[in-house]
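*Asks:* when you get a sec, could you give me coordinates for this:
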Amino acid sequence: MGLQKKLKNNISTSKQQKSPPNWERFTLWVLLAAAIGLLVAVGIFVLLYYFVFPRANTPDAAWGLPDVITATATAIGGLTVGGVALIQVRKHQFLEYQAKNEREVQLNERDIQLGEQLRRAIEHLGDKDREHIRLGAIYEFKRLEKAKDLQDYDRDSIVRILASFIESRMAEEKKAAERGEVKEVAPDIKAAAELASQIIKEEIERTAEKCTEEDKKRPPEYVFIAADVISTLPVEIFGTFFYWNRLSARNVDLRGIELKRAHLNEAHLEGAVFKYANLDMAILRKAQLDGADLYQAQLERASLRGAHLEGAVLGHAHLKRAQLEEAHLEGADLFSAHLEWAVLRGAHLKWASLVIAHLEGAHLEGALLEGAHLEDAHLEDAWLRGAHLEEAHLEGADLRHACLVGADLRDADFNDRTVITAETTYNSSTIFSPGIEEKYFRGKATKLAN
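*Replies:* Below is the predicted model:
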């Protein structure tokens, strides 16, 4: 429910709200009831005294005068105690009702106030002629967003309004560009995008606080709507608005999110879900992505230098020309991943699965690929100089034009489907297990002089 709709509801509720019970009137009624009870008690006493007591001196009398007095006093005392207890109970109920009513009034007043502020901000945001009025509206949204008692539906409304504003203003800017009107970067668009980015970042971190490894939660839909809109802004004009370095979003479900060119250096994204997400040209240096799910994610030209991706799922991911120097990918699943011309110098790929992976032209100099599964991998033109391929599985791998100079291939597995041609190069510093060079390389590959 948006703030404006809630505003109308609260005004209606305030009009229909019942007035609190009258405590003074209730007290008078209780006192009147006590007086009537007292009179009844006196009447009982008189009745007992005149009709029971005359027979009290007979031998078979059940009650004497003291008994009558005691019974009457007990009745009066009981009525008094009961009346006082009733008054206290009703007083407590009244105070509770009063406190609840005051809270409701405060909440209604707060919603009415926020709704009025939102209405004004929206009105100013729609000003077509005065940019400073629009900027003022965005700063008003920022102040509203910082309110301590802001509810989730309020934040949702603010972000959706900002996203809609960015779209409409960008359409105006595009038309102006088509008319040949040269304009500077629109400050109102930039301010709106910065605020929206800040809000959705905070929302992602709030969601992460509720997540566990077994229970991965997804942020509200407005996070993805705003990210989609912001990612469409021309980078050459505005730069990036996703400066989210050290973001904490462990185990958050962010599948499909648009975060092109995002800055996520040293971010904690362990166990996060980025399936089908667009992180092209994102900067994730030293980011913690252990166990993250990046299935079919777009990471072309992304920088992941020194990032931790141990056990991560990167099946069918697009990492063309990505920077992965010294990245930790031990045990990662890179089945059929696209790593064409990616830079993996010194990368840690021990026991990683690179089955049918596309590594054409990839730089794997000094990479640690011990025990890695490279069955049917495309390693054409790959640079494997000094790479550690001990116990690696290269059955069916295509090594045409690959450079294996100085590579360690001890206990590596080859078979007749492994493609080795004259364009495959190695030298005397390349280390083989006994008989492997003679069986698979000699006479097929080109041995270079040292």
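
*Asks:* rest of the way, CA atoms for contacts and neighbours
*Replies:* Fine.

*Asks:* neighbouring contacts of stretch 405-420?
*Replies:* Applying C-alpha atoms under 8 Å, 6 or more residues apart in numbering, the external contacts of stretch 405-420 come out as 371, 376, 384-400, 425-433, 440-441, 444-445.

*Asks:* so what's the backbone phi/psi at the residue positioned nearest the centre of the chain?
*Replies:* The chain has I204 as the residue nearest its centroid, 2.8 Å off, counting by C-alpha atoms, centre = their mean. When read as degrees, to the nearest 10, the backbone of I204 gives phi -60, psi -40.

*Asks:* my read is that A449 contacts N427, right?
*Replies:* Yes. With contact defined as C-alpha atoms under 8 Å, A449 counts as touching N427 (6.3 Å).

*Asks:* pick out whichever of those two has more residues nearby.
*Replies:* More crowded of A449 and N427, by other C-alpha atoms under 10 Å: N427, with 17 against 8.

*Asks:* tell me how far that one lies from S231.
*Replies:* According to C-alpha to C-alpha, to the nearest Å, N427 stands 48 Å off from S231.

*Asks:* thinking again about what came up before, nearest residue to the residue nearest to the centre of the chain in space, ignoring adjacent ones along the chain?
*Replies:* Nearest residue to I204, sequence neighbours excluded (C-alpha to C-alpha, 6 or more residues apart in numbering): P219, at 6.0 Å.

*Asks:* in what helix or strand does the one you found lie?
*Replies:* Per DSSP states H and E, P219 falls between elements, in no helix or strand.

*Asks:* please report how far it lies from K142.
*Replies:* With C-alpha to C-alpha as the criterion, P219 and K142 are 20 Å apart.

*Asks:* residues of stretch 157-173 that come out buried?
*Replies:* 157-163, 165-167, 169-170, 173 (16 or more other C-alpha atoms under 10 Å).

*Asks:* which residues touch that stretch?
*Replies:* 2-3, 125, 141, 145, 189, 192-193, 196, 199, 222, 225-226, 229-230, 233.

*Asks:* need the contact list for the residue nearest to I204.
*Replies:* E203, I204, T207, V252, D253, L254.

*Asks:* return the subset of those lying in helices.
*Replies:* Judged by DSSP state H, the contacts of P219 include E203, I204, T207 as members of helices.

*Asks:* burial measure for the last one, as a count.
*Replies:* Same thing as T207. Using other C-alpha under 10 Å, T207 has 21 other residues around it.

*Asks:* OK, contacts around it?
*Replies:* Going by C-alpha under 8 Å, 6+ apart, T207 touches K217, R218, P219, A249, V252.

*Asks:* now swap in E194 and tell me
*Replies:* By C-alpha under 8 Å, 6+ apart, the contact list for E194 reads F241.

*Asks:* ok, the one 10 residues further on next?
*Replies:* Remark: with contacts taken as C-alpha under 8 Å, 6+ apart, I204 is in contact with P219, V223, A249, V252.

*Asks:* quick check: the two most widely separated of those?
*Replies:* Pairwise distances across those (C-alpha to C-alpha) peak at 13.5 Å, for the pair V223 and A249.

*Asks:* I356: which of the contacts of I204 is nearest?
*Replies:* Nearest to I356 out of these is V252 (C-alpha to C-alpha; 29.3 Å).

*Asks:* gap between the closest residue to the closest one other than its chain neighbours and L314?
*Replies:* Of all residues not flanking V252 in the chain, A272 sits nearest, at 4.9 Å (C-alpha to C-alpha, 6+ apart). Distance from A272 to L314, counting by C-alpha to C-alpha: 12 Å.

*Asks:* shared neighbours of these two, anything?
*Replies:* Common neighbours of A272 and L314 (C-alpha under 8 Å, 6+ apart) are D293.

*Asks:* the stretch 351-450 of the chain: strands as residue ranges?
*Replies:* Taking DSSP state E, counting those that start in this stretch as the test, the strands found in the stretch 351-450 of the chain are 408-409, 425-427, 431-432, 446-448.

*Asks:* now the helices for the stretch 151-300 of the chain?
*Replies:* Here the stretch 151-300 of the chain has its helices, by DSSP state H, counting those that start in this stretch, at 152-178, 187-209, 221-231, 235-238.

*Asks:* format those as a markdown table; extra columns: mean pLDDT and distance to L264.
*Replies:* Shown next, in a markdown table, are those (pLDDT from 0 to 100; distance: least, C-alpha to C-alpha, whole Å):
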| stretch | mean pLDDT | distance to L264 |
| --- | --- | --- |
| helix 152-178 | 86 | 22 |
| helix 187-209 | 93 | 11 |
| helix 221-231 | 94 | 15 |
| helix 235-238 | 79 | 17 |
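
*Asks:* would you turn those helices into TSV with distance to E96?
*Replies:* Below are those laid out as TSV (distance: least, C-alpha to C-alpha, whole Å):
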stretch	distance to E96
helix 152-178	28
helix 187-209	33
helix 221-231	38
helix 235-238	55
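
*Asks:* nearest to R301, of these?
*Replies:* Nearest to R301, of all the helices of the stretch 151-300 of the chain, is helix 235-238, at 15.0 Å by C-alpha to C-alpha.

*Asks:* coming back round to it: right, and the helices of the stretch 151-300 of the chain - which one's nearest L319?
*Replies:* Short answer: helix 221-231, nearest of the helices of the stretch 151-300 of the chain by C-alpha to C-alpha, at 19.1 Å.

*Asks:* touching the closest one from outside, list them.
*Replies:* With C-alpha under 8 Å, 6+ apart as the contact definition, helix 221-231 has outside contacts at 156, 159-160, 163, 166-167, 193, 196-197, 200, 203-204, 241, 257-260.
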